[in-house]
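# Quick one, what's the 3D model for this:
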Amino acid sequence: MLRRLFKIEDDFKKESLLGILADQNCRVILDSIKDKSKSVIEIAKDTDICASTVYRKIILLSDNKLLRTFGSFSEDGKKSFFYKSRVKSINVFFDIGSMNVEITYK
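So this is what the prediction gives:
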């Protein structure tokens, strides 16, 4: 399987990713959806995080391009969304005032 490594150059993006890594709910959600796509309700049940918090974190993770989003229609026409982590790893290196952040995508 081909993995893609990206070095993050933008300081705002670095700070945002560090905030996500520091957020326990974000880490738990990413872990929950690393192998299988799930709906917000499934994530909430699997992680014991309330659905409203899962929704907020999904938006944050999506805004930072850390998720794949899938949509499907039920027989009655209702659209459902499912989320899966795109992240294999995030590495942070700090060396004398310099910070490097790298993301490896699946």
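
# Residue ranges in this structure under the pLDDT threshold?
1-2 (pLDDT under 70).

# Break down it into its helices, ranges please.
Using DSSP state H, the helices assigned to the chain run over residues 11-22, 24-32, 40-47, 51-63.

# would TSV of those helices with distance to residue 72 be doable?
Every residue, glycine included, has its C-beta placed from N, CA and C. Formatted as TSV, the helices of the chain follow (distance: least, C-beta to C-beta, whole Å):
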stretch	distance to residue 72
helix 11-22	27
helix 24-32	19
helix 40-47	13
helix 51-63	16
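
# possible to save the ones you listed as CSV with mean neighbour count?
As requested, the helices of the chain are exported to CSV (neighbours: other C-beta atoms under 10 Å):
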stretch, mean neighbour count
helix 11-22, 14
helix 24-32, 18
helix 40-47, 17
helix 51-63, 16
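
# In the chain, which residue sits furthest out from the middle?
residue 76 (29.6 Å; C-alpha atoms, centre = their mean).

# The nearest residue to residue 82 once chain neighbours are set aside and residue 87, how far apart?
What sits nearest to residue 82 in space, not counting adjacent residues and going by C-beta to C-beta, 6 or more residues apart in numbering, is residue 37, at 4.1 Å. When distance is defined by C-beta to C-beta, to the nearest Å, residue 37 is 14 Å away from residue 87.
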